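Engineer: Dropping a prediction and its sequence here:
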Amino acid sequence: MLNRLKNAMATLAGDVPDYPASDRRPRGRLRGSSGGEIRGDHKRTDGDDRLPYSRPHFLHLSVDEVTASGDKTSRPIILPRDVTKVPWCAGYAEVINAGKSELNEDQARAERIILKNVLSKSSKINKLNDTKPVKEVTSSQTVGTESNVIASGCSNHDKGEAGTGSPAFNSDSSNEVEKAKETKQLNASTIGEEASDGKNGIHNEMNSNDKLEVIENEEDTRRKQEEEKFQEDDQVTMTYFGIFDGHAGYGAALMAAASLHDIITDNLLSIIDLLSSKKAKENSQSPVESTNSSSVGLYNCCICKCHNHQMMQSNRAPFAPGASVGGPVPSIDKTSNITAEELVIGAIEKSFNRMDRTIEDARRRHSDAVGGCTALTAIFFMGRLYIANAGDCRAVICRDGKAVPVSFDFTPETERKRIYMLANLFPHLLQNEFTDREFVRRPTRKDVGKKLLCREAWMSGWSLHTVKVEDLRVPVITGEGKRARLLSTIGVTRGFGDHNLRLYDSDIRIKPFLSSVPDVKVIDMNNSAYNENDVLVMASDGLWDVISSDHAAIVVQSSLSTAEISNPKRYTLAAQDLLLHARGMRQNQWKTIDDITVFVIPLYCYVSSN
């Protein structure tokens with residue numbers, strides 16, 4: 001019976017449609033459902049540019065294993081066969097839904113990426129955990145494999161011939177040294193005679209030869225300092241984890257898992273030189289002087305300061321003295337006020353927007369490309385942890401059995417203000433089917449002409465409002481909690497895709513109310529000492545629907561305390577325990593019927609590697 005079921009599932013999986021590949025195709029190797037390895041830009045022999053359905057690349061599942069993982073009766077927990085394929089041996093576990101959809105619509109990605117800033121012709125590109133030769137690439141290219149991606153950016157300082165000295169060596173200093181050398185050649189004999197007094201070798205005043213030596217020594221020191229600084233900046237590592245919870249199909253999640261990390265890499269490479277100089281400047285400041293940094297330590301605040309508020313404060317240009325109102329606006333360069341963190345946040349936000357547009361382009365090429373996904377990424381980069389969230393996946397730092405939230409769930413309830421304001425400003429989007437007013441309860445025909453507590457789109461409080469006929473329309477947001485829906489259709493408000501999503505039997509589009517802009521939180525990894533039991537838990541909403549953040553922290557703490565520190569699978573076992581608690585039975589029914597995907601990431605690995 002079981003074999004017949006597996007054969008039936010295999011036949012079903014063989015007819016799974018492929019999804020359009022993104023224009024920014026990830027370089028490297030991904031294992032598809034066809035059982036073979038699809039190399040390079042995922043081109044296929046049949047000329048189709050769509051990505052085949054698959055599970056995360058680091059699982060290395062065969063066709064039979066992919067089929068078995070889709071068994072909705074037993075719902076097996078899938079773990080990596082080789083935990084070393086996941087950066088830092090981080091824990092990972094997944095389980096398919098109990099019939100909510102035909103396939104597992106969750107996707108995940110984990111990569112260790114080296115951003116290489118080439119400073120000289122002798123610079124080499126080193127590949128993590130791989131001894132194969134790697135092709136050198138420019139800042140517009142990336143190279144990768146299943147377990148890592150290598151990227152290279154070319155510095156402007158490297159355009160000269162090798163051996164010309166540090167790029168920070170300015171022309172004024174060079175002319176000064178050349179003049180000093182000429183003086184040395186013209187007055188060598190005189191300077192040599194005045195170099196000592198014949199007895200104690202000490203002069204009360206510095207002669208010209210001493211001045212020359214001081215200049216040359218200072219210049220050598222400057223050269224060494226600059227070379228050491230650039231050598232440190234020559235190799236910058238980024239470790240990336242991502243979870244993508246698909247809905248109405250697996251396609252958007254599959255594309256995001258395959259491409260988002262490459263897009264982020266490209267955007268970071270485009271500013272790598274600026275980041276290096278910004279970081280060097282910030283590191284040279286004292287703690288009192290370094291006031292532009294927008295991140296805080298983990299125990300200073302549960303989440304980091306609001307970057308939008310800081311940007312608003314920093315963008316307020318001072319009024320130029322003597323400038324008249326209505327006169328020419330003075331030109332102000334704000335580059336020096338922008339921190340390295342703000343540059344990275346901008347690169348991440350730009351990448352999310354580009355990913356959404358890439359999925360839209362795929363929809364235009366293929367009419368059957370439907371669906372969307374939420375996105376949650378953790379990016380360890382330059383001493384900081386960047387948590388970027390667009391949707392209802394969640395990231396929590398578990399430490400000493402306590403949970404510290406580091407992401408914000410985006411649902412119709414939590415984004416009520418933005419959605420109602422959008423409906424109020426653009427009423428044509430509602431097509432007279434919905435109302436932009438929120439009443440304390442749904443008004444009926446009997447309430448017309450009566451006063452009822454109401455909240456306008458621009459209000460935070462409540463006031464009395466005389467109910468009109470148009471107020472009987474469906475509210476923009478209906479339901480509460482997990483049952484809250486935007487335009488009676490979707491339960492999330494941020495993510496990728498959903499470009500062709502419309503209200504049932506209507507022409508009302510949902511996409512104008514959705515956003516791909518992520519909320520980015522920054523954690524300074526240098527401000528706290530992490531141990532082997534301090535982890536970052538990332539999971540799709542299938543976990544958080546049945547387990548609270550505090551409960552997850554307790555489960556993880558219990559699991560890690562019973563596993564040997566030397567066991568490389570201890571974090572995988574912790575991820576498995578989380579799924580066992582969430583997937584378990586309650587009154588002969590599954591606690592959740594949703595797909596569940598979990599990462600358990602050891603934080604001390606990043607701190608120790610830096």
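Structural biologist: Nice, thanks for sending it over. Just so it is clear, the structure is predicted and the values come from calculations on it, not from any experiment.
Engineer: Count the neighbours of Gly242 for me.
Structural biologist: Residues lying near Gly242 (other Cβ atoms under 10 Å) number 25. All C-beta spots, glycine's among them, are computed from the backbone N, C-alpha and C.
Engineer: Enumerate every residue touching it.
Structural biologist: 108-110, 256-257, 260-261, 375-378 (Cβ atoms under 8 Å, 6 or more residues apart in numbering).
Engineer: Give me the buried stretch members for the host helix or strand of it, please.
Structural biologist: For Gly242, the element it lies in under DSSP states H and E is strand 235-247. For strand 235-247, burial by neighbour count (16 or more other Cβ atoms under 10 Å) applies to 236-247.
Engineer: Among the contacts of Gly242, which one has the most neighbours?
Structural biologist: Neighbour max across the contacts of Gly242 (other Cβ under 10 Å) = Ala256, 31 neighbours.
Engineer: Can you pull the poorly scored residue ranges out of the stretch 151-300 of the chain?
Structural biologist: 151-234, 280, 282-300 (pLDDT under 70).
Engineer: can you give me the helices in the protein?
Structural biologist: 2-14, 63-69, 171-186, 188-194, 208-233, 251-269, 272-284, 307-314, 340-365, 416-425, 541-544, 549-561, 570-583, 604-609 (DSSP state H).
Engineer: Tell me which residues touch the closest residue in space to Arg455 that isn't next to it in sequence, please.
Structural biologist: Closest residue to Arg455 apart from its sequence neighbours, by Cβ to Cβ, 6 or more residues apart in numbering: Glu438 at 4.6 Å. Listed by Cβ under 8 Å, 6+ apart, the contact set of Glu438 reads 416, 420, 454-455, 475-477.
Engineer: hmm, 10 Å instead?
Structural biologist: For Glu438, the contacting residues are 416, 420, 453-457, 459, 462, 475-477, by Cβ atoms under 10 Å, 6 or more residues apart in numbering.
Engineer: go on, Gly246?
Structural biologist: 101, 103-107, 252-257, 371-374, 495-497, 540, 595.
Engineer: cool, and Leu274?
Structural biologist: Leu274 neighbours (Cβ under 10 Å, 6+ apart): 335, 338, 340, 343.
Engineer: Under the pLDDT cut-off, which ranges of the stretch 501-610 of the chain? List them.
Structural biologist: 585, 587-588.
Engineer: tell me which residues in stretch 92-102 are buried?
Structural biologist: 92-98, 101.
Engineer: ok, back up a step: mind picking the one among the buried residues of strand 235-247 that's closest to Leu487?
Structural biologist: His247 (14.8 Å; Cβ to Cβ).
Engineer: distance of the closest one from Asp524?
Structural biologist: Distance, His247 to Asp524, by Cβ to Cβ, to the nearest Å: 34 Å.
Engineer: Please apply the same query to Val66.
Structural biologist: Distance from Val66 to Asp524, by Cβ to Cβ: 40 Å.
Engineer: Which one's more surrounded, these two?
Structural biologist: More crowded of Val66 and Asp524, by other Cβ under 10 Å: Val66, with 24 against 18.
Engineer: Quick check, that one in contact with Asn104.
Structural biologist: Yes - under the criterion of Cβ atoms under 10 Å, Val66 makes contact with Asn104 at 9.3 Å.
Engineer: Quick check: neighbours shared by these two?
Structural biologist: By Cβ under 10 Å, 6+ apart, the residues touching both Val66 and Asn104 are 53, 55, 78.
Engineer: Show me which of these is closest to Lys511.
Structural biologist: Tyr53 (24.2 Å).
Engineer: Near the closest one, how many other residues are there?
Structural biologist: Tyr53 has 20 nearby residues by other Cβ under 10 Å.
Engineer: correct me, but it touches Asn104?
Structural biologist: Yes - Tyr53 is within contact range of Asn104, at 9.2 Å (criterion: Cβ under 10 Å).
Engineer: Between these two, which contacts overlap?
Structural biologist: Joint contacts of Tyr53 and Asn104 (Cβ under 10 Å, 6+ apart) are 66, 250.
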